[in-house]
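S.K.: model the following, please.
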Amino acid sequence: MSELGLDPSTDIILKLVVILIVSILSLRMRFIDFYGFIASLAIGVSVLFLGGWKLFILLLLFLTVGSLLTKVLNGGGGIRGWKNVVANGLWAALSASLYGVTGDKSALIFYLGALNSMFSDTLSTEVGMYIGGRPRLIVKPWVETSKGLSGGVTVHGILGGITGALIFAYLSSYLFNGSLDSRLTASIAGAGILANVLDSFLGASIQGKYECSVCGRVVEDSLHCGEVARHLSGLKYIDNHKVNFISSFVGGGLAVLLYTHIF
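M.R.: Residues are numbered from 1 along each chain as shown. Below is the predicted model of the structure:
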């Protein structure tokens with residue numbers, strides 16, 4: 001019997017239907033583009049079929065809240081491509097698959113930490129972008145920077161990220177224990193918050209920044225306004241997707257470390 005008490009064949013059919021509905025709705029609502037749709041299918045299948053319904057529910061929470069915030073606050077924009085989907089979801093998919101195959105609790109905790117780091121980062125970014133004031137560089141708090149540029153933080157954004165990490169940690173604890181497990185909650189919340197901070201630090205320090213030769217703006221892409229932008233700082237091969245990829249992995253590792261050695 002499945003987690004839902006269904007026979008295996010019914011459970012498989014239901015999982016396929018759910019994944020298709022979620023992915024198609026995401027595509028139709030322009031949360032993702034076509035290649036993002038393909039990537040989300042692969043990640044969704046890995047998490048749901050190998051990790052199970054509980055892990056998929058948390059993934060769905062992250063995708064729904066993050067996509068709705070981005071869509072609403074961007075005025076209908078903010079379509080995610082396959083790079084964004086993979087950067088945010090690959091470590092979660094791998095750890096969920098490992099947990100499903102081996103039942104290793106460390107893989108479960110890694111999954112929760114990796115996903116919470118992205119959840120916290122998303123809330124921090126969106127809240128800071130549209131509610132906070134002028135952001136300041138996390139590595140140089142006395143220096144103001146442009147809204148939306150990686151490495152910039154605001155008080156509102158920081159509080160949004162902390163709130164998101166705590167909410168996700170509490171929900172995870174109740175979902176897997178039926179009650180509040182303070183050790184698990186603290187580990188997941190701490191990992192999410194610390195990885196979010198790391199994401200901002202990496203965005204400010206090693207992520208590539210460019211100056212557009214047409215509009216003069218500091219941007220994160222080497223091409224802007226149809227022209228090659230001038231490299232200003234950071235590493236040319238490190239973009240926001242790679243920073244998210246690194247932060248997600250660190251979030252998972254921190255959750256395991258905090259759970260096994262700290263709390």
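S.K.: domains in this protein, by residue range?
M.R.: Per the record, the chain has its domains at 1-103, 104-263, by automatic domain parsing.
S.K.: can I get those in CSV including mean neighbour count and mean pLDDT?
M.R.: For the C-beta atoms, the positions are set from N, CA and C on the backbone; glycine is no exception. Formatted as CSV, those follow (neighbours: other Cβ atoms under 10 Å; pLDDT from 0 to 100):
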stretch, mean neighbour count, mean pLDDT
domain 1-103, 18, 85
domain 104-263, 20, 90
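S.K.: which residues of the stretch 51-200 of the chain fall in helices?
M.R.: Taking DSSP state H, counting those that start in this stretch as the test, the helices found in the stretch 51-200 of the chain are 53-73, 82-102, 105-130, 155-177, 182-205.
S.K.: now these as TSV including distance to residue 19?
M.R.: Conversion of the helices of the stretch 51-200 of the chain to TSV gives the following (distance: least, Cβ to Cβ, whole Å):
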stretch	distance to residue 19
helix 53-73	8
helix 82-102	12
helix 105-130	17
helix 155-177	19
helix 182-205	25
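S.K.: between the ones you listed, which gets nearest to residue 146?
M.R.: Closest of the helices of the stretch 51-200 of the chain to residue 146 is helix 105-130, at 10.5 Å (criterion: Cβ to Cβ).
S.K.: tell me what angle the closest one forms with helix 53-73.
M.R.: Computed with axes from the mean of the first three to the mean of the last three Cα atoms, to 10 degrees, the direction of helix 105-130 lies at 10 degrees from that of helix 53-73.
S.K.: for helix 105-130, name the packing helices and strands.
M.R.: Applying 3 or more Cβ pairs under 8 Å, 6 or more residues apart in numbering; DSSP states H and E, one finds that helix 105-130 contacts helix 53-73, helix 82-102, strand 152-153, helix 155-177, helix 182-205, helix 240-257.
S.K.: now the last one: how far from the chain's centre is it?
M.R.: The reference is to helix 240-257. 9 Å (Cα atoms, centre = their mean, to the nearest Å).
S.K.: got the contact list for it?
M.R.: For helix 240-257, contacts defined as Cβ atoms under 8 Å, 6 or more residues apart in numbering pick out 83-84, 86-88, 90-92, 95, 106, 109-118, 121, 150, 187-188, 190-192, 194-196, 198-199, 202-203, 206-207, 220.
S.K.: one more: the fourth one?
M.R.: If you take Cβ under 8 Å, 6+ apart as the criterion, helix 155-177 is touched by 54, 57-58, 61-62, 108, 112, 115-116, 119-129, 131-133, 135, 179-181, 184-186, 188-189, 192-193, 196.
S.K.: same question for the second one.
M.R.: Surrounding helix 82-102, the residues in contact under the criterion Cβ under 8 Å, 6+ apart are 32-33, 35-36, 38-40, 42-43, 46-47, 49-52, 55, 59, 62, 104-105, 107-108, 110-111, 114-115, 118, 241-242, 244-245, 248-249, 252.
S.K.: now with 7 Å, please.
M.R.: Contact partners of helix 82-102, identified using Cβ atoms under 7 Å, 6 or more residues apart in numbering, comprise 32, 35-36, 38-40, 43, 46-47, 50-52, 55, 59, 104, 107-108, 110-111, 114-115, 118, 241, 244-245, 248-249, 252.
S.K.: how much distance is there from it to the middle of the chain?
M.R.: Between the centre of helix 82-102 and the centre of its host chain there is 11 Å, according to Cα atoms, centre = their mean.
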